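1. next input, structure requested:
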Amino acid sequence: MNGRIGSENLTRSYFRTRCAPFPTDAIIIIHYPNPFRDSLRSSQWFVRTKGMGKKALDAVKDGDIKIIPSRFEKVWYNWLEDIHDWCISRQLWWGHRIPVYYINGDESNYVVARDGDEAKRLAKEKGFPDAKLKQDEDVLDTWFSSGLWPFATVGWPQQENDGPESDLAR
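-> Here you go, the predicted model:
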């Protein structure tokens, strides 16, 4: 695996959320003469986690990774044996955008790509040579996007040189 989100690991689901950016289990109650709950139905992106979880479980079981102190192995197994798909969508105006591009405005037809050029190439391979692409407006949740921080700080997606002025050399 090359560390990249592949379309096989990204799914879109619809469910009721409570006014982002609040957590999905939060309920917003506004007090006017009568309190009411404000919730919105919106589409969300999820990452399938069972495959990643199985690899992490196997790594500890096979001894490739050692949990120190060993009493935390139980926590490791509890988390990963009951793993659920991860909602990575947030409806915010800042952050790393979800790497999904819709083909001709159809939300059921999309490609997952690093940038617009790769999205055009993938859309062409899917049989849409003149596709109009629009990137999803959602951004990655904080935990997911924090994994991109090391790349973003060294110039990704542009190539960083390895010279003395490189962030990696400092």
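
2. okay, buried residues for the top helix by length along the chain please.
-> Once the chain is assigned using DSSP state H, the helix that runs over the most residues is helix 50-61. When burial is assessed from 16 or more other C-beta atoms under 10 Å, helix 50-61 yields the following buried residues: 53, 56-57. From N, CA and C alone the C-beta is placed, and that goes for glycine too.

3. just curious, which of these is nearest to His84?
-> Each of the buried residues of helix 50-61 was scored against His84 by C-beta to C-beta, and Gly53 proved nearest at 9.5 Å.

4. before we move on, back to that, give the rounded mean pLDDT of the longest helix of the chain.
-> Within the predicted structure, the mean pLDDT of helix 50-61 is 93.

5. if we can go back for a sec, I'd like the buried residues of helix 50-61 as CSV, with distance to Ser89 appended.
-> Conversion of the buried residues of helix 50-61 to CSV gives the following (distance: C-beta to C-beta, whole Å):
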residue, distance to Ser89
Gly53, 20
Ala56, 23
Leu57, 26
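
6. and the residues you listed, which is closest to Ser146?
-> Ala56 (17.8 Å).

7. give me every residue that touches the closest one.
-> Residues counted as contacts of Ala56 (C-beta atoms under 8 Å, 6 or more residues apart in numbering) are 65, 76, 80.

8. of those - the most surrounded one?
-> Neighbour counts for the contacts of Ala56 were taken using other C-beta atoms under 10 Å; the highest belongs to Leu80, which has 18 neighbours.

9. list the contacts for that one?
-> Going by C-beta under 8 Å, 6+ apart, Leu80 touches 53-54, 56-57.
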